[in-house]
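Colleague: Predicted model, plus sequence, below.
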There are 2 protein chains.
Amino acid sequence: MSSLTDVQAHALTEAQQRISQDLLTALDAFYIPEPLKGAVYHAVMLGGKRVRPALSYAAAALKPNTNYAAVRRAAVAVEFIHCYSLAHDDLPCMDNDLLRRGQPTCHAAFGEDTALLAGDILQSMAFEILGSRLFDQGPAVDSSIVLKQMQILATASSKMVNGQVLDIQAEGKHVDQEALENIHRNKTGALISAAIMMAAVTIFDGTDAAIPKLREFGLAIGLAFQVQDDILDIISDTAMLGKTAGKDQQADKSTYPALMGLENAQAYAKELHDQALNALSYFEAEQAAELLNIVQFLLSRKS
Amino acid sequence: MSSLTDVQAHALTEAQQRISQDLLTALDAFYIPEPLKGAVYHAVMLGGKRVRPALSYAAAALKPNTNYAAVRRAAVAVEFIHCYSLAHDDLPCMDNDLLRRGQPTCHAAFGEDTALLAGDILQSMAFEILGSRLFDQGPAVDSSIVLKQMQILATASSKMVNGQVLDIQAEGKHVDQEALENIHRNKTGALISAAIMMAAVTIFDGTDAAIPKLREFGLAIGLAFQVQDDILDIISDTAMLGKTAGKDQQADKSTYPALMGLENAQAYAKELHDQALNALSYFEAEQAAELLNIVQFLLSRKS
């Protein structure tokens, strides 16, 4: 797929800046004692692609006059969960990684105990934000919607941990494509889907046909994201990735390129993106523009 | 305060058995891959006093015809949070403890990575349970009540982590009583209060005068619990405690006996219990019987 146009790239950068601002606003709403505060801000504000919150925002654009406050809270909450998982994933007892996004990881900068606690509190902060009135200007969103958001986020967070365990268990073993997909649908797919579905239940009625379409989209894009990640771990270098390249091979992890070869993995990534686009074709192109933009970004990204 | 009567002790044992059964039912509702499943069950089913869920149940008894399903979910959720905190607290980068309730700690039995992930998933499982229909036999409880429960639990979980940090920061330093109370109100008090308040918002209307009374009770009993813990760390031995005794002194932690002397600390524990009893005097003695029973248990306990 071709690279992003300047207009698309600009739109994405703008979205990322809006997201960073919302994350910072959310963090500032909490009292956190030092040195935990520094570690939490480090874990969240280190940068990153902000794919999950961007998907929440973009999904909300599918329907005009959306209650954006509830979507913005969902976007912050899902990124908090993602950032907690990275802080814990980098710990010595896990991946033992000192570099993330070109910066010291949370425990490298703040110590293991503080990084552990930063991950722990980010998880509960995610649910605090979801149930708060942060960003509200109009009336409160219906409790039943917030409850749905909470259920989606909690379930996805549990699946993410299950996926971690399945991933660790698969190290050094030959796993087939079905097992590999099961790992990734849990480890990364669930939270990516959650980012989309938390916006979906906010803007669409539970019986709306848009809901299953967005679920289909989420499943495809979530898996596509992981396949692309596996590919980039091989074809990129450390400077480009901002994290240690080639880690998967070193850890003898099961990856799509290892399973099916690099070219087939690239073809599979493209196929999953096509599935994602197909699910989006249900919506009007103008309103799905932000989601389409993200799909193109994910396939053309270099890190 | 005198020991529990046989009738009181029997009632508490019965409550603990009901709670253990609910915890097991809740755990069984999840799919968790091994070895994580073993670690999660170990972290939750290791026993313990079940003080928090017992407080939820007992608070619910304040009002006849309570929706017990929502209270039972809250009780499970708060105990999941407590168990996650213990699994993380015992890790080598934290207290590095190998013994808990006379058994190997989670990481001693399952390894650090699995113990970390067991704590992580227990936190999200708590919110899953809260938003589920587990134990429901009648109609669903109102979404706004579940949302309140979620806010209470998420806020208390964050405070608990803050309290951990304040506690670590205070090691080896002289802190005054105000600072010590701030540590404990966050570290242990918040979750104990949450156990009571999640039941309170389920059974009482938000404007009911019972709510502030229960808040007052929760604050007093939460702090009393910690003062008593500090006292037991000094006067009990390892066999009785089921965990390593004298750890606080070894770690040069600030405790009430260290701050004010053992006798004054014991008097202070009694004073806090009287405050708790005073708050409960708002309710009819018959309906507050279960809560009164727990108060007496907490002050007379030996571990």
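Modeller: Received it, and whenever you're ready, just let me know what you need. Residues are numbered from 1 along each chain as shown, chains lettered A, B, ... in the order given.
Colleague: For the stretch 151-300 of chain A, give me the ranges with low pLDDT.
Modeller: Along the stretch 151-300 of chain A, the parts satisfying pLDDT under 70 run over A:237-252.
Colleague: need the residues of it near chain B, please.
Modeller: A:151, A:153-155, A:157-158, A:161-162, A:164-166, A:168-169 (Cβ under 8 Å from any Cβ of the partner chain). (Glycine included, C-beta is placed from N, CA and C.)
Colleague: Do a quick rundown of the helices in the stretch 1-150 of chain A.
Modeller: A:6-28, A:36-45, A:51-60, A:68-89, A:106-110, A:112-130, A:143-170 (DSSP state H, counting those that start in this stretch).
Colleague: Any chance of CSV for those helices, columns mean neighbour count?
Modeller: CSV is the format used below for those (neighbours: other Cβ atoms under 10 Å in any protein chain shown):
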stretch, mean neighbour count
helix A:6-28, 15
helix A:36-45, 22
helix A:51-60, 26
helix A:68-89, 26
helix A:106-110, 22
helix A:112-130, 27
helix A:143-170, 23
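Colleague: can you tell which of these is closest to residue B:85?
Modeller: Among the helices of the stretch 1-150 of chain A, the nearest to residue B:85 by Cβ to Cβ is helix A:112-130 (7.9 Å).
Colleague: quick one, that closest one and helix B:68-89 angle?
Modeller: 160 degrees (axes from the mean of the first three to the mean of the last three Cα atoms, to 10 degrees).
Colleague: Helix A:112-130 and chain B, any residue contact?
Modeller: Yes. Interface with chain B: helix A:112-130 contributes A:112-114, A:116-117, A:119-121, A:123-125, A:127-128, A:130 (Cβ under 8 Å from any Cβ).
Colleague: For residue A:281, state which of the residues you listed is nearest.
Modeller: When the residues of helix A:112-130 next to chain B are compared against residue A:281 (criterion: Cβ to Cβ), the nearest one is residue A:130, at 30.7 Å.
Colleague: In JSON lines, list the helices of the stretch 1-150 of chain A along with distance to residue B:224.
Modeller: Formatted as JSON lines, these follow (distance: least, Cβ to Cβ, whole Å):
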{"stretch": "helix A:6-28", "distance to residue B:224": "34"}
{"stretch": "helix A:36-45", "distance to residue B:224": "27"}
{"stretch": "helix A:51-60", "distance to residue B:224": "43"}
{"stretch": "helix A:68-89", "distance to residue B:224": "32"}
{"stretch": "helix A:106-110", "distance to residue B:224": "34"}
{"stretch": "helix A:112-130", "distance to residue B:224": "25"}
{"stretch": "helix A:143-170", "distance to residue B:224": "32"}
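Colleague: ranking those by mean pLDDT, which is last?
Modeller: Among the helices of the stretch 1-150 of chain A, helix A:6-28 has the lowest mean pLDDT, at a mean of 90.
Colleague: can you give me the helices for the stretch 151-300 of chain A?
Modeller: Going by DSSP H, counting those that start in this stretch, the stretch 151-300 of chain A shows helices at A:177-184, A:190-203, A:210-235, A:238-241, A:247-250, A:256-260, A:262-280, A:289-300.
Colleague: Please identify the most buried of the ones you listed.
Modeller: helix A:190-203 (a mean of 27; mean count of other Cβ atoms under 10 Å in any protein chain shown).
Colleague: Work out the gap between that one and the centre of the chain.
Modeller: 11 Å (Cα atoms, centre = their mean, to the nearest Å).
Colleague: roughly how far apart are the residue most central in space within chain A and residue B:120?
Modeller: With distances taken as Cα atoms, centre = their mean, the residue of chain A nearest its centroid is residue A:52 (3.6 Å). Distance, residue A:52 to residue B:120, using Cβ to Cβ, to the nearest Å: 18 Å.
Colleague: mind listing what the closest residue to residue A:187 other than its chain neighbours touches?
Modeller: Excluding the flanking residues, the one nearest residue A:187 by Cβ to Cβ, 6 or more residues apart in numbering or on different chains is residue A:163, at 2.8 Å. Shown in contact with residue A:163 (Cβ atoms under 8 Å, 6 or more residues apart in numbering or on different chains): A:183-190.
Colleague: Looking at the residues you listed, which one is closest to chain B?
Modeller: Nearest to chain B among those: residue A:186, at 9.0 Å, using Cβ to the nearest Cβ.
Colleague: and that closest one, what does it touch?
Modeller: A:159-160, A:162-163, A:166.
Colleague: Throw these into TSV and include distance to residue A:41, thanks.
Modeller: Shown next, in TSV, are those (distance: Cβ to Cβ, whole Å):
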residue	distance to residue A:41
A:159	27
A:160	22
A:162	29
A:163	27
A:166	31
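Colleague: Which of these sits closest to residue A:272?
Modeller: Of the contacts of residue A:186, the one sitting nearest to residue A:272 (Cβ to Cβ) turns out to be residue A:163, at 17.1 Å.
Colleague: Please tell me how far the closest one sits from residue A:224.
Modeller: 16 Å.
Colleague: do the same with residue A:70
Modeller: As for residue A:70, its distance to residue A:224 is 27 Å (criterion: Cβ to Cβ).
Colleague: Kindly report the same for residue A:69.
Modeller: Applying Cβ to Cβ, the value for residue A:69 to residue A:224 is 30 Å.
Colleague: what does residue A:137 give?
Modeller: Remark: distance between residue A:137 and residue A:224 (Cβ to Cβ) = 35 Å.
Colleague: ok, now residue A:81?
Modeller: If you go by Cβ to Cβ, the gap between residue A:81 and residue A:224 works out to 20 Å.
Colleague: Likewise for residue A:300?
Modeller: Distance from residue A:300 to residue A:224, by Cβ to Cβ: 12 Å.
Colleague: again with residue A:211
Modeller: Shown here: residue A:211 relative to residue A:224, a distance of 20 Å by Cβ to Cβ.
Colleague: do residue A:162 as well
Modeller: Counting by Cβ to Cβ - residue A:162 and residue A:224 are separated by 20 Å.
Colleague: what's the answer for residue A:53, then?
Modeller: Distance from residue A:53 to residue A:224, by Cβ to Cβ: 18 Å.
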